[in-house]
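J.: Build me a model:
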Amino acid sequence: TTLLYTIKFEVHNLDMSLRLYSRLNLRHFLTKTLASTSCRPYHLTSVNFSEAPLPDVEPQKLQFQAETRQLLDIVAKSLYSEREVFVRELVSNAADALEKLRYNQLKGEEIDDAAASLKIEVSLSDALKSITIEDNGLGMTKEELIANLGTIARSGSKEFIKNVSSAGDNSTNVIGQFGVGFYSAFMVGSHVTVLTKSAKPGSTGYVWNSNGADGYDIKEAAGLPRGTRIVIQLKDDALEFCQKDRIRDVLKKHSNFVGFPIFLDGTQVNTIDPLWTRKSSDITEAEHTELYQSLSDRKDDPLYTMQFSVETPVNIKCVLYTPKYMPQLDLSNLSNVGISLYCKKVLVQTKNPKLLPEWLLFLQGVVDSEDIPLNLSRELLQESVIMNKIKSVITGKMIGFLNRQAKRDPAKYETFYREFGRFIRVGLVTTESQTEREDLAKLLRFESSKEEKGVLVSLDQYMERAAEGQKQIYYLSCPNREMALESPYFETLQQNDIEVLFTYNKEDDVVLFRLEDYKDRKLCTAEAANVKPISKTADIPGSKLDKKEGNKLASWFRDSLGRENVKEVKISDRQHSQPAVVAVENLAQLRQYLQMAPPDQKEASYKYLLHSNVVLELNPEHDIIKQLAGLSESNPAVADLVAAQLFDNALMNADLIHDPRRMVSRINQILRAVTDSSSPKSPESQSKE
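T.: Predicted coordinates:
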C-alpha cells in the first residue's frame, strides 16, 4: 500500500471520545484535501474504529432559510466592528447554556452527569489552525440544533426566557438573546463544527457541520459528553485567534466577569470577581483597587469608590471609581473615555461615553444592566429612552455621593475639588436641569476674605456666617489673592465686614453668572455691590467736592472721554482709596464677550461694550479728583490726559483693559507736564511766557 498522507491532530479534552475526535479531523482533512486534488473522493462515513463504531449512515443535509446566506454575510462583514468579538459571543452563549442547566437543576429536573462542575473551556491548536469553545451546559437535541442554528432570527435563549417569563419566573440570568452570536464564528472560520448532547438523560449526541455558505449537515455521534463544543477551523487571515496570548487578552477584555470559570488550555483566566453583583459591605478595599486598576490601566488607588444598584426607573448595578489625579482626557475623541457597559456580566462596550455626562468622563467603572437595548449585535447600541435613564440615574447618584463625601470628610473632598473642580463647573454650566444645577452648586468651593490663603469654603458656609438681612453673596474675580485684597472693589465691603469669595479663573466667573442665585440669595460681583462706606471725612468742610461741583466735573469728564466711550460718569462715595472705578452690572459676561470677539472686530466691539455698559464713578473725596476740578479749567489739555488715564486705570482694575500699550504715550505726556511744571525756569523762558 502506498502512503498518501500523514495526518497530525491534537486532543485537548480527554472527556471527549478519542475515536470521534480522530474521525472528525480525518473527515475534515480528507474532505478539504481530496476536494482540491484529482484523487477519487472516498466515502468517509465508512471509516470506522474497532471500538464501538459509529452508525454508518449518511449525514442529513439541510439548507439555511432563504435569507440566511445574505444575513451570514452581513454578520461577518457589517455587524461587528472587531472580529475578536466572536469569542465574546460564543463564550456568552456557553454561559447561557450553563445558566439554563443550573436553572433546571434548581427546579428539580433530572439531568445527565448532575455532579459535574459547570465551566467553559477554550482550547487552541496552532497545528490544526483551530479554536474550540465548549461548555458542559444544557446542550441541544437534534430539533433544537435545527431550530437554533438553522435560523439567524431565532435564538434559543430568547425562546427560553419567553417560556420562563410566561411561567412567572424571572430569576434567570441569560444573556444570549440576540440571535446571531453563534454565526459570528464565520467571521473568522472557514468551517464550523458543533458537537452537542442534551443534558436530558438518555439523549443522543449530534454533530453539526457548515462552511457558512452551502447549508449544513447533522449526524448522530456516539460518546459525547453533556454540553456543546464548537470547533472553528480558522481562515488564513484569522490565525491570530489560535495564539494563546491573543485569546487570553480577548477573554479578559470581554468575558472577565462571566459567572462561570473560563479555562484557556487548562488555566482559568477570569479570576477577577464582578464586584458590582455583591454587597458593598462584603467587598474589601483591595478588591476594589484590583478592579479599578484593571479597568483604568492605572497603578494608583481610587480616591472615591461608589457602588449602588437600582431597579427603577431602570435595572442597573454599578460601581464607579474616582482617580486620585485627573487623567489625560481628549474630549474631542470620546472613543477612549467612559465607563464599561455590561449586560449580565458580559462586556458590551469597553468605553461608553454616552452613559455619562461630559463633566463626569473622568470616572472609571462598570454599569451592568439587563435592560440595555441591543440590536442584532451587542456592540451597536441604539439611542433609546433606557440609555438616557441610565445616564440620568448615574449622574444623580454621583452628585448625591459627592455631596455626602464633602460633608463627611471636607479635607478629602477638598483634595478631589482641587483636582476635578473644573469638571464640576462644566457640569453646572451645561446641565439643563435646575435641580441638578442647584445640587452641583453645593459642590463649588472658593477662597474667602474671612479665611486664610488656601482654605476653601462652600456657598452654604458663606450663608451660615453672613449678617442677618444680607441678601447677596459677594464674589470678586482676580488673578490671585494678593490682587483681590488690594482691589478697590473689595475695600468698601471689607470696611463693612462683609465676606467676599475670591475667584481666580474665568470659569468661575461664567459659573456664578450662570447660577445667578443660590437658595434665594443673589450672587453679586463686588464691582456691582451697592454698599455705602463708613466715611471718616463726611462732616469735615472741604473734605470733598460738593454736589454742584461734583456734577459739573462729571459732565466735563464724560465730554473729555467722549460720550461714545462711556455710558455714564457720576459722583459716588462708594470707595476711598481710588480716585475712580468703573461699575458694570454683568462684568463677567462683559469680559467673556471681549474675549470672544474676533481679532478684526475687537476694537469696535470694545468701544461698543464700553459705551453700552460701563459707568465711571468718581470719588469726590480723593485729592486727584478735587484737584482735577480746578485743572479742567486752568489747564484743559493736561486735564484731558489725566481724565483718560484715570479711566484706563479704572478699566484695568476691573480687568477690562483692551490694549494697555496705548497708555504709554499718554503717560509720557503726563510725566512731561509734571516735570515741566516742577523744573526751575530760566529768565528767558519766563520773559517768553
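J.: May I see the buried residues of stretch 431-441?
T.: The neighbour-count check on stretch 431-441 (16 or more other Cβ atoms under 10 Å) flags 431, 436-437, 439-441 as buried. Using the backbone N, CA and C atoms, a C-beta is placed for each residue, glycine as well.
J.: Sorry, slip of the keys, the one I care about is stretch 387-395.
T.: 387, 389-391, 393-395.
J.: Listing request: residues of the stretch 401-550 of the chain with sub-threshold pLDDT.
T.: Where the stretch 401-550 of the chain drops to pLDDT under 70, the residues are 533-542.
J.: Can you show me the helices along it?
T.: For the stretch 401-550 of the chain, the helices defined by DSSP state H, counting those that start in this stretch cover 410-430, 434-441, 459-464, 481-486, 488-495, 506-515, 547-561.
J.: most neighbours per residue, which of the ones you listed?
T.: Each of these was scored by mean neighbour count; the highest is helix 488-495, a mean of 20, by mean count of other Cβ atoms under 10 Å.
J.: how about low-confidence regions in the chain?
T.: In the chain (pLDDT under 70), the answer is 1-57, 65-81, 151-180, 330-335, 373-384, 533-542, 575-576, 588, 678-689.
J.: returning to what we had before: looking at the buried residues of stretch 387-395, spot the one nearest Pro353.
T.: Ranked by distance to Pro353 (Cβ to Cβ), the buried residues of stretch 387-395 are led by Lys391 at 10.1 Å.
J.: check which helix or strand covers that closest one.
T.: helix 385-408 (DSSP states H and E).
J.: likewise Tyr342?
T.: Residue-wise, Tyr342 maps onto strand 339-343 under DSSP H and E.
J.: and for that strand, what are the contacting residues?
T.: 175, 257, 274, 295, 320, 347-352, 355-356, 363-370, 372, 374, 378, 381 (Cβ atoms under 8 Å, 6 or more residues apart in numbering).
J.: out of the residues you listed, which are inside strands?
T.: Counting by DSSP state E, the contacts of strand 339-343 place 320, 347-352, 364-369 in strands.
J.: For Arg437, give me its contacts.
T.: Arg437 neighbours (Cβ under 8 Å, 6+ apart): 428, 431, 514-515.
J.: Mind putting those residues into TSV with distance to Ser184?
T.: TSV is the format used below for the contacts of Arg437 (distance: Cβ to Cβ, whole Å):
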residue	distance to Ser184
Leu428	44
Thr431	40
Arg514	48
Leu515	50
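J.: Lys107: which of the residues you listed is nearest?
T.: Distances from Lys107 to the contacts of Arg437, taken by Cβ to Cβ, are shortest for Thr431, at 48.2 Å.
J.: surely that closest one meets Lys391?
T.: No. Contact criterion Cβ atoms under 8 Å: Thr431 and Lys391 do not qualify, at 11.9 Å.
J.: Give me the common contacts of the two.
T.: Pro357.
J.: re earlier: just curious, which of the contacts of Arg437 is nearest to Ile473?
T.: Leu515 (9.7 Å).
J.: Give me the buried subset of the contacts of strand 339-343.
T.: Among the contacts of strand 339-343, those buried by neighbour count (16+ other Cβ under 10 Å) are 175, 257, 274, 295, 320, 347-349, 351-352, 355-356, 363-369, 372, 374, 378, 381.
J.: coming back round to it: and the helices of the stretch 401-550 of the chain: which comes nearest Asp135?
T.: Using Cβ to Cβ, the nearest of those to Asp135 is helix 410-430, at 43.6 Å.
J.: Please name every helix or strand in contact with the closest one.
T.: Helix 410-430 is packed against helix 385-408, helix 434-441, helix 506-515, with contacts defined by 3 or more Cβ pairs under 8 Å, 6 or more residues apart in numbering; DSSP states H and E.
J.: Identify all contacting residues around that helix.
T.: 303-304, 322, 324-326, 357-362, 402, 405-406, 436-437, 440-441, 443-445, 456, 507-508, 510-511, 514-515.
J.: can we see that at 7 Å?
T.: 303-304, 322, 325-326, 357-360, 362, 405-406, 437, 440-441, 443-445, 456, 507-508, 510-511, 514-515 (Cβ atoms under 7 Å, 6 or more residues apart in numbering).
J.: Output the helix or strand harbouring Gln627 as CSV, nothing but the C-alphas.
T.: Secondary-structure element containing Gln627, defined by DSSP H and E: helix 623-634. Provided in CSV are the C-alpha atoms of helix 623-634 (Å, rounded to 0.1, in the frame of the first residue of the first chain):
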residue,chain,number,x,y,z
ASP,A,623,-7.3,114.6,46.1
ILE,A,624,-6.8,113.9,42.4
ILE,A,625,-10.5,114.3,41.7
LYS,A,626,-10.7,117.5,43.8
GLN,A,627,-7.7,119.0,42.0
LEU,A,628,-8.9,117.8,38.6
ALA,A,629,-11.9,120.0,39.1
GLY,A,630,-9.7,123.1,39.0
LEU,A,631,-7.3,121.7,36.4
SER,A,632,-10.1,121.2,34.0
GLU,A,633,-10.4,125.0,33.8
SER,A,634,-6.8,126.1,34.3
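J.: Could you number the chain from 45 rather than 1 from now on?
T.: Yep, numbering from 45; the last one is helix 667-678 now.
J.: So what's the gap between it and the chain middle?
T.: Distance of helix 667-678 from the chain centroid (Cα atoms, centre = their mean, to the nearest Å) equals 61 Å.
J.: Which residues does that helix contact?
T.: For helix 667-678, using Cβ under 7 Å, 6+ apart, the contacting residues are 589, 593, 597, 600, 623, 662-663, 682-683, 686.
J.: Tell me the helices and strands packed up against whatever helix or strand comes next after that helix.
T.: Using DSSP H and E, the helix or strand that follows helix 667-678 towards the C-terminus is helix 680-697. On a contact count with 3 or more Cβ pairs under 7 Å, 6 or more residues apart in numbering; DSSP states H and E, helix 680-697 meets helix 591-605, strand 624-627, helix 667-678, helix 707-722.
J.: Buried residues, the next helix or strand after the first one. List them.
T.: So the one you mean is helix 591-605. Using DSSP H and E, the helix or strand that follows helix 591-605 in sequence is strand 612-615. Buried residues in strand 612-615, counted by 16+ other Cβ under 10 Å: 613, 615.
J.: Now tell me what touches strand 612-615 from outside.
T.: Residues outside strand 612-615 that contact it (Cβ under 7 Å, 6+ apart): 594-595, 598, 601-602, 659-662, 664.
J.: Of the residues you listed, which is the nearest to Met707?
T.: Leu660 (16.1 Å).
J.: ok, the helix or strand hosting the closest one: who's next to it in the sheet?
T.: Assigned by DSSP H and E, Leu660 belongs to strand 659-662. Using DSSP bridges, the strands paired with strand 659-662 are strand 612-615 (parallel), strand 624-627 (antiparallel).
J.: tell me how far that strand is from the chain's mean position?
T.: 47 Å.
J.: just stretch 551-567 next, same as before
T.: 26 Å.
J.: who does the strand holding Tyr386 pair up with?
T.: strand 390-396 (antiparallel), strand 408-413 (parallel).
J.: got those as a markdown table, with distance to Pro642 columns?
T.: Output for these, formatted as a markdown table (distance: least, Cβ to Cβ, whole Å):
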| stretch | distance to Pro642 |
| --- | --- |
| strand 390-396 | 37 |
| strand 408-413 | 40 |
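J.: just so I know, which of these lies nearest Pro532?
T.: Nearest of these to Pro532, taken as Cβ to Cβ: strand 408-413 at 46.6 Å.
J.: Residues contacting the closest one, please?
T.: 320, 336, 339-340, 358-365, 367, 383-389, 399, 434, 438.
J.: and what of stretch 239-250?
T.: Here stretch 239-250 makes contact (Cβ under 7 Å, 6+ apart) with 145, 154-156, 182-186, 189, 251, 262-266, 268-273.
J.: what would the helices and strands packed on helix 454-474 look like in a markdown table with distance to Ile175?
T.: Written out in a markdown table, the entries for the helices and strands packed on helix 454-474 read as follows (distance: least, Cβ to Cβ, whole Å):
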| stretch | distance to Ile175 |
| --- | --- |
| helix 429-452 | 33 |
| helix 478-485 | 48 |
| helix 550-559 | 52 |
